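Trainee: Here is the input, now give the coordinates:
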Amino acid sequence: MIGNRQKINLETWERRASFDFFQSFSEPYHGVCLRVDCTETYRYAKEHHLSVFLSLLHRSLVAAHQVENFKTRIVDGTVWSYELINGGSAVGRENGTIGLGHYQFLPRIDEFVREAAIEVDRVRQRDDIERYPEANLIRYSVLPWFDFTSISHARDFSHEDSAPRITFGKITEAGGRCTMPVSIHVHHALVDGLHVAQFVEKFQGCLDAPDSKPS
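Mentor: Numbering: from 1, shown residues only. Here you go, the predicted model:
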């Protein structure tokens, strides 16, 4: 272990063949769009006067910590497994531009959201874009205007990046339940469709129990 990460031995790693195959792809990311039921977390956030977006983001981070592949990253050609995964997201400003906020993971949803809200306010007061220097994060965005069925992302292919990208869409209420589209894009050298399915299952469970902590 070095800090909060552990180097993966590629010689004995079960994903060595997949890593070698996909790591050199010009576009190694693959993704899915699906719907989740966010009723309980939406209600919890409203009842406790918490940001709905940051509450959803927290539930997603809790789920990510339960799927090992969502905690692995490529850094300088080496694969690392991180103990702690933080969040980062686009933050809209009053003048129509965006900045980037970065949120330290905390197990309790109320503590996390309140600390993250301070970061959102800080970013809104700036006019630059700050890039998170470490690899142990998931990149989030929200498109609250769209009940989307597909999405793509801007990418800098000259910059090494293997962090998952998760986007939340417009929350729709019908029959007393709230649902929203979610886009999940992951680096195929680290994450397969099976692992995305595992994450989605954990995410839905976290959404259904908004005050639960990581096991």
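
Trainee: Break down this protein into its helices, ranges please.
Mentor: Here the chain has its helices, by DSSP state H, at 16-22, 39-47, 52-64, 109-124, 193-208.

Trainee: just those: most buried one?
Mentor: Of those, the one with the most neighbours on average (mean count of other CB atoms under 10 Å) is helix 52-64, at a mean of 24. C-beta coordinates here come from the backbone N, C-alpha and C atoms, glycine included.

Trainee: Just the CA trace of that helix, in PDB.
Mentor: Extracted C-alpha coordinates of helix 52-64, given in PDB (Å, rounded to 0.1, in the frame of the first residue of the first chain):
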ATOM      1  CA  VAL A  52     -30.700  16.500  -4.500                       C
ATOM      2  CA  PHE A  53     -27.800  16.300  -7.000                       C
ATOM      3  CA  LEU A  54     -25.200  16.000  -4.300                       C
ATOM      4  CA  SER A  55     -27.300  13.400  -2.500                       C
ATOM      5  CA  LEU A  56     -27.500  11.300  -5.600                       C
ATOM      6  CA  LEU A  57     -23.800  11.700  -6.200                       C
ATOM      7  CA  HIS A  58     -23.100  10.500  -2.600                       C
ATOM      8  CA  ARG A  59     -25.300   7.400  -3.200                       C
ATOM      9  CA  SER A  60     -23.300   6.700  -6.300                       C
ATOM     10  CA  LEU A  61     -20.000   7.000  -4.500                       C
ATOM     11  CA  VAL A  62     -21.200   4.600  -1.800                       C
ATOM     12  CA  ALA A  63     -22.000   2.100  -4.500                       C
ATOM     13  CA  ALA A  64     -18.700   2.600  -6.300                       C
END
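
Trainee: Mind giving me the packing neighbours of that helix?
Mentor: Counting contacts by 3 or more CB pairs under 8 Å, 6 or more residues apart in numbering; DSSP states H and E, helix 52-64 packs against helix 39-47, strand 86-92, helix 109-124, strand 137-142, strand 165-168, helix 193-208.

Trainee: Can you lay out those as CSV showing distance to V67 and mean pLDDT?
Mentor: Output for the helices and strands packed on helix 52-64, formatted as CSV (distance: least, CB to CB, whole Å; pLDDT from 0 to 100):
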stretch, distance to V67, mean pLDDT
helix 39-47, 19, 98
strand 86-92, 15, 96
helix 109-124, 19, 97
strand 137-142, 11, 96
strand 165-168, 13, 98
helix 193-208, 5, 98
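
Trainee: Now render the ones you listed as JSON lines, adding distance to N4.
Mentor: Below are the helices and strands packed on helix 52-64 laid out as JSON lines (distance: least, CB to CB, whole Å):
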{"stretch": "helix 39-47", "distance to N4": "27"}
{"stretch": "strand 86-92", "distance to N4": "10"}
{"stretch": "helix 109-124", "distance to N4": "17"}
{"stretch": "strand 137-142", "distance to N4": "12"}
{"stretch": "strand 165-168", "distance to N4": "21"}
{"stretch": "helix 193-208", "distance to N4": "20"}
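
Trainee: quick one, what contacts L54?
Mentor: Y103, F112, V113, A116, A117, V120 (CB atoms under 8 Å, 6 or more residues apart in numbering).
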